[in-house]
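# can't give you the sequence, but here's the structure:
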């Protein structure tokens, strides 16, 4: 008897939901823009919806974790995001927490 | 220039946003959509139009996207405010609607020409008013709570709940001594009032007390009413001895309520409740429409008390769980 696919998908999504922020902060140590980030995260295994990612980037910027600047080199003006100092600090905190969680779960299982 | 799907999409999204956000989001969103279209075209989409359509479908409802940007909630009344909303709504609907409907019905029955039109128009009209009251209650309560929800989101304040807010009903439905004494006392007072108004009414004419109710009723309805009141006192004592209301006792009480109210209403309708001398005194004193006003207000009072009593007892006799 196999698990219902939808049930599995829901729980996987819950697990992923918490990690998207870490993935963004880590990836944006190198400046990047919306669509490129979407592709990078997608190929790294963090499949995020476009309509979730873009508002998230603005939220993180509003919280001071990302800084942005407009780049008008190309024909299309692009908004480049980069992880700020506060963002790097938070990234370190989150990664420490992540390792602690991993160790705790390993102990439990 | 014909507006493209993208133009329409971006316009629909940024419409909900604040001025400061709008220009930036519009710029960024356009570029992103273009990038995503390029991606699809490279990935093998049939045409640019097809790709555009697919991208916008992927981005989803502009209202939803805008809410993601602005942080505003996608609901009127959210989980934190809902329980209070439901409580207020229930209380208001269960008290106001029956009350207004009943009062309206009674007034119409006395004012309209029942002989020629029958009671149907009065009933329909009363039900319609009840419906309108219900609609208004639902609307205004929802509006107030929707505003409260917005206020909560803005300020971050939460509606606290603490155990003091629990309803009194502990599920056991225990009827205490205080409640029984109050019930019996009220019935005794009603019985005494009926007797007292005959023997020493406050209204006088030439120094003689004028009974409020027609003395002729003493050979008809009034002894019956006193008997019914006595019966209800017996029921109240039985409830006290048993500890709580039972279905049987509740039915008995409701039957007695009706046995009290219906003859009274019939007598009112026939116009033989009030003592003609009493009415004369009032009319002479300047209250020209005394007969009609008294009739209508007494009828309203009887109906209101009846409805309230029935609902109250029905609620108390509701079967509960293991307790009691």
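Looks like it came in fine. These numbers were taken from a predicted model, which means no experiment stands behind them.

# Next one: residue B:83 relative to residue B:91, how far apart?
Residue B:83 is 13 Å from residue B:91, where distance means CB to CB, to the nearest Å. Every C-beta, even on glycine, is put in place using the N, C-alpha and C of the backbone.

# Give me the below-cutoff pLDDT ranges for the chain.
Reading this off chain A. Residue ranges of chain A with pLDDT under 70: A:1-2.

# try chain B instead
The model of chain B has pLDDT under 70 over residues B:1-3, B:110-118, B:153-159, B:168-173, B:202-204, B:319-324.

# residue at max distance from the center of it?
Residue farthest from the centre of chain B, counting by CA atoms, centre = their mean, is residue B:42 at 62.0 Å.

# State the distance from that residue to chain A.
If you measure residue B:42 against chain A using CB to the nearest CB, to the nearest Å, the figure is 11 Å.

# and residue B:297, how many neighbours does it have?
Residues within reach of residue B:297, counting by other CB atoms under 10 Å in any protein chain shown, total 12.

# what are the ranges of the strands in the chain?
Went with chain A since none was named. Secondary structure of chain A (DSSP state E): strands located at A:32-33, A:66-71, A:78-83.

# You answered for a different chain; I wanted chain B.
Applying DSSP E to chain B gives strands spanning B:204-205, B:208-209.

# so which of those strands is the most packed in?
Greatest average neighbour count among these goes to strand B:204-205 (a mean of 12), per mean count of other CB atoms under 10 Å in any protein chain shown.

# And the nearest residue to residue A:19 once chain neighbours are set aside, its phi and psi?
Counting by CB to CB, 6 or more residues apart in numbering or on different chains, residue A:46 is the residue found nearest to residue A:19 once chain neighbours are left out, at 6.8 Å. Dihedral angles of residue A:46 (phi, psi; degrees, to the nearest 10) stand at phi -100, psi 70.

# Residue A:46: how many residues sit nearby?
By the criterion of other CB under 10 Å, residue A:46 has 17 neighbours.

# related to what we said a few turns ago, the residue farthest from the centre of chain B and residue A:43, how far apart?
Using CB to CB, residue B:42 is found at 15 Å from residue A:43.

# and what of residue B:12?
Per CB to CB, residue B:12 is found 31 Å from residue A:43.

# Among the two, which residue is more densely surrounded?
residue B:12 (14 against 9).

# Now do the contacts for the more buried one.
B:62, B:63 (CB atoms under 8 Å, 6 or more residues apart in numbering or on different chains).

# hmm, try it at 6 Å
Residues near residue B:12 by CB atoms under 6 Å, 6 or more residues apart in numbering or on different chains: residue B:62.

# again with residue B:56
Contact partners of residue B:56, counting by CB under 6 Å, 6+ apart, are B:5, B:9.

# still on that earlier bit, can you say which of the strands of chain A is packed in most?
Of all the strands of chain A, strand A:32-33 has the most neighbours on average by mean count of other CB under 10 Å, namely a mean of 22.

# got the contact list for it?
A:78, A:80.

# Direction included, what does it pair up with?
With DSSP bridges as the test, strand A:32-33 is paired with strand A:78-83 (antiparallel).

# Compute the inter-axis angle for the partner strand and strand A:66-71.
Strand A:78-83 and strand A:66-71 are oriented at 150 degrees to each other (axes from the mean of the first three to the mean of the last three CA atoms, to 10 degrees).

# ok, for residue 59, nearest residue in space, not its chain neighbours?
You didn't say which chain, so I picked chain A. Spatially, and ignoring its direct neighbours in sequence, residue A:59 is nearest to residue B:71 (7.5 Å; CB to CB, 6+ apart).

# Please refer instead to chain B.
residue A:51 is the one closest to residue B:59 (CB to CB, 6+ apart), at 5.0 Å.

# give the contact list for the one you found.
For residue A:51, the contacting residues are B:59, B:60, B:65, by CB under 6 Å, 6+ apart.

# can I get the residues you listed in TSV with distance to residue B:16 and neighbour count?
TSV is the format used below for the contacts of residue A:51 (distance: CB to CB, whole Å; neighbours: other CB atoms under 10 Å in any protein chain shown):
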residue	distance to residue B:16	neighbour count
B:59	15	20
B:60	14	14
B:65	9	23
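
# So for the longest helix along chain A, what gets flagged as buried?
Looking across chain A with DSSP state H, the single longest helix is helix A:85-108. Going by neighbour count (16 or more other CB atoms under 10 Å in any protein chain shown), the buried part of helix A:85-108 is A:87, A:90, A:91, A:94.

# Kindly report the same for stretch B:291-302.
B:291, B:294, B:295, B:296, B:298, B:299, B:300, B:302.

# Kindly report the same for stretch A:19-36.
Neighbour-count burial for stretch A:19-36, counted by 16+ other CB under 10 Å, picks out A:20-28, A:32-35.

# now it: how far from the chain's centre is it?
Centroid separation for stretch A:19-36 versus its chain: 6 Å, with CA atoms, centre = their mean, to the nearest Å.

# likewise stretch B:266-281?
33 Å.

# same deal with stretch B:196-208?
Counting by CA atoms, centre = their mean, stretch B:196-208 comes out at 41 Å from the chain centroid.

# Compute the first-to-last residue distance for that stretch.
Stretch B:196-208 stretches 14 Å from its first residue to its last (CA to CA, to the nearest Å).
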